[in-house]
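Asker: got a predicted structure plus its sequence, pasted below:
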Amino acid sequence: DTGVSQDPRHKITKRGQNVTFRCDPISEHNRLYWYRQTLGQGPEFLTYFQNEAQLEKSRLLSDRFSAERPKGSFSTLEIQRTEQGDSAMYLCASSLASAQAPEQYFGPGTRLTVT
Amino acid sequence: AQTVTQSQPEMSVQEAETVTLSCTYDTSESNYYLFWYKQPPSRQMILVIRQEAYKQQNATENRFSVNFQKAAKSFSLKISDSQLGDTAMYFCAFMKGGAQKLVFGQGTRLTINP
């Protein structure tokens, strides 16, 4: 079990550029979640997938944000026309869709800095 | 909407002491889960302990235990025999039944001093 992995770990970009992050969940997990965490705060939910279907999106997820999970395995999160307020840690988590084992396992995160 | 409140932004104790972190939540749901996660400095979020709302018995995992007071909507974490490696941000989190999104509190920064 290799755990949840995220790539890149750090990204510095200029305002107005597009960025894309990747998340690889634990292999047998069918649910995948994206959260955003700003310094000193708890993570905030952005969106989640069950297999390839996107089941819920937060109102935090503006039109500039899009997430995909095309084959029900890895997921990508794209931010278009980045703004300084997008600077944060972007966390990915995965879980089973199971009432008996609902706990989510987190990756190391991608830290985005928009200059 | 559910909310989770951690009223202690920071705590500090000596190694080997026992420490209790507080968490309250607000929900109208009857089926839910509560979690404590630990986030060490510059490291990833780790699950510490889980509690199902329908279970009256408090969860325990080695040195970590919870005090789940359902009527009071309180969910505190007790760390016994604290160790230097317990230094981290601790987040309380709520999940509606059905393996859905987590709602996190603001976190408590815990420092264990030698």
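Answerer: Sure, I can see it.

Asker: pretty sure B:Arg19 sits against B:Thr111.
Answerer: To be clear, residue B:19 is Val; Arg isn't right here. No - using CB atoms under 8 Å, B:Val19 is not in contact with B:Thr111, being 10.0 Å away. Bear in mind the C-beta positions are built from the backbone N, C-alpha and C, glycine included.

Asker: which one's more surrounded, the two?
Answerer: Neighbours were counted for B:Val19 and for B:Thr111 using other CB atoms under 10 Å in any protein chain shown; B:Val19 has more, 19 against 13.

Asker: how about the residues of chain B near chain A?
Answerer: B:4, B:33, B:35, B:37, B:43-47, B:50, B:91, B:93, B:95, B:97-107 (CB under 8 Å from any CB of the partner chain).

Asker: so what sits against both of B:Val19 and B:Thr111?
Answerer: Common contact partners of B:Val19 and B:Thr111 (CB atoms under 8 Å, 6 or more residues apart in numbering or on different chains): B:Met11, B:Val13.

Asker: how about the helix or strand of chain A with the lowest mean pLDDT and chain B, touching?
Answerer: Ranking every helix and strand in chain A by mean pLDDT, DSSP states H and E puts strand A:53-57 at the bottom, with a mean of 93. Yes - Strand A:53-57 comes into contact with chain B (CB under 8 Å from any CB), by way of A:Glu56.

Asker: what lines up beside that strand in the sheet?
Answerer: strand A:44-50 (antiparallel) (DSSP bridges).

Asker: how many residues are close by B:Met45?
Answerer: Neighbours of B:Met45 (other CB under 10 Å): 27.

Asker: which ones are touching it?
Answerer: So B:Met45 contacts A:Pro43, A:Leu91, A:Ala93, A:Phe106, B:Tyr37, B:Lys38, B:Gln39, B:Phe91 (CB under 8 Å, 6+ apart).

Asker: next helix or strand past the helix or strand harbouring the last one?
Answerer: Per DSSP states H and E, B:Phe91 falls inside strand B:88-96. Using DSSP H and E, the helix or strand that directly follows strand B:88-96 along the chain is strand B:102-104.

Asker: quick check: which ranges of chain A have low pLDDT?
Answerer: A:1 (pLDDT under 70).

Asker: most proximal residue of it with respect to chain B?
Answerer: When scored by CB to the nearest CB, chain A has A:Gly42 as its residue closest to chain B, at 3.2 Å.
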